[in-house]
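Trainee: here is a sequence together with a model predicted from it:
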Amino acid sequence: LGYQVSRRRIARIMKENALVSNYTVAQYKVHSKGCNESNISNIVDREFDDRNNLEVAVSDLTYVRVGNKWNYVCTLVDLANREVIGYSAGPNKDASLIEKALLRCNYSLKDIKIFHSDRGKEYDNIKIDNILETFNIKRSLSRKGNPYDNAVSEAMNKVLKIEFIYQNKFETLGELELQLAEYIYWYNHIRIHGSLGYMSPINYRNKTGLGMVA
């Protein structure tokens, strides 16, 4: 809103109103089902900033409790403005979940130049290969055992868990999908990002002309 406020003042106001920031309240390590041993290189090479509109879309999966079972969420993030341009939720950590996130992308897939992910086996699938080939999207994979190679997606998952997953309880997949859609809309249109000059991803896209695809 344009106010210049010190951290000390914010801390005092929060204390007076018994407010605390969100923080991690649960941890669960999903066991890996193996690694994609493909010889595809890491062409993104941790160059996450100053990317053009839809030049690079990065993706990752995270977990969420639905009822008494683990479900999963897949996100697709545009490096240009950190906007979540595609997402999906489902009971299985598989290629179908990633396919769903890609096919519900807010923009034309033909405008995406590079698709980057880690080496999870769920990304090593003919369904994914067919989509990327159809839309002439180059593939980029993190190096084995290097989470920093997909740092933007890792950071997105952390935010998603702290701000959304850990703050809610989901009894059904339908309930998760509905609330996830509302959160993603808020994340893209309203939530401000320090790395974007304290603008939302959509506002940043509009202000900087990223909405124009070459």
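Mentor: Yep, that arrived.
Trainee: the residue nearest in space to the middle of the chain sits in which helix or strand?
Mentor: In the chain, the residue lying closest to the centroid (CA atoms, centre = their mean) is T75, at 4.1 Å. Following DSSP states H and E, the helix or strand that holds T75 is strand 69-78.
Trainee: next one: that strand to chain centre, how far?
Mentor: The gap between the average C-alpha position of strand 69-78 and the chain average comes to 8 Å, counting by CA atoms, centre = their mean, to the nearest Å.
Trainee: pLDDT of the very next helix or strand once past it, averaged?
Mentor: Secondary structure here is assigned by DSSP H and E; on that basis, the next helix or strand after strand 69-78 toward the C-terminus is strand 83-90. Per-residue confidence for strand 83-90 averages out to 98 on the pLDDT scale.
Trainee: CA atoms only: put strand 83-90 into CSV for me.
Mentor: Presented in CSV, the C-alpha positions along strand 83-90 are these (Å, rounded to 0.1, in the frame of the first residue of the first chain):
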residue,chain,number,x,y,z
GLU,A,83,3.1,-16.8,-11.4
VAL,A,84,1.5,-20.2,-10.9
ILE,A,85,0.4,-20.8,-14.5
GLY,A,86,-0.8,-24.4,-14.0
TYR,A,87,-1.6,-26.7,-11.1
SER,A,88,-3.4,-29.9,-10.2
ALA,A,89,-4.2,-32.1,-7.2
GLY,A,90,-4.8,-35.8,-6.9
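Trainee: any idea of the angle that strand forms with strand 69-78?
Mentor: Strand 83-90 runs at 160 degrees relative to strand 69-78, counting by axes from the mean of the first three to the mean of the last three CA atoms, to 10 degrees.
Trainee: partners of strand 83-90 in the sheet?
Mentor: Strand 83-90 has the following strand partners under DSSP bridges: strand 69-78 (antiparallel).
Trainee: residues touching the helix or strand bottoming out on mean pLDDT in the chain, excluding its own?
Mentor: Averaged element by element with mean pLDDT, DSSP states H and E, the chain has its least confident helix or strand at helix 7-16 (a mean of 86). Defining contact as CB atoms under 8 Å, 6 or more residues apart in numbering, one finds that helix 7-16 is touched by 19-21. Just so you know, the C-beta spots here come from the backbone N, C-alpha and C atoms, and that holds for glycine as well.
Trainee: if you rank these by neighbours, which is first?
Mentor: Ranked by neighbour count (other CB atoms under 10 Å), the contacts of helix 7-16 have L19 at the top, with 10 neighbours.
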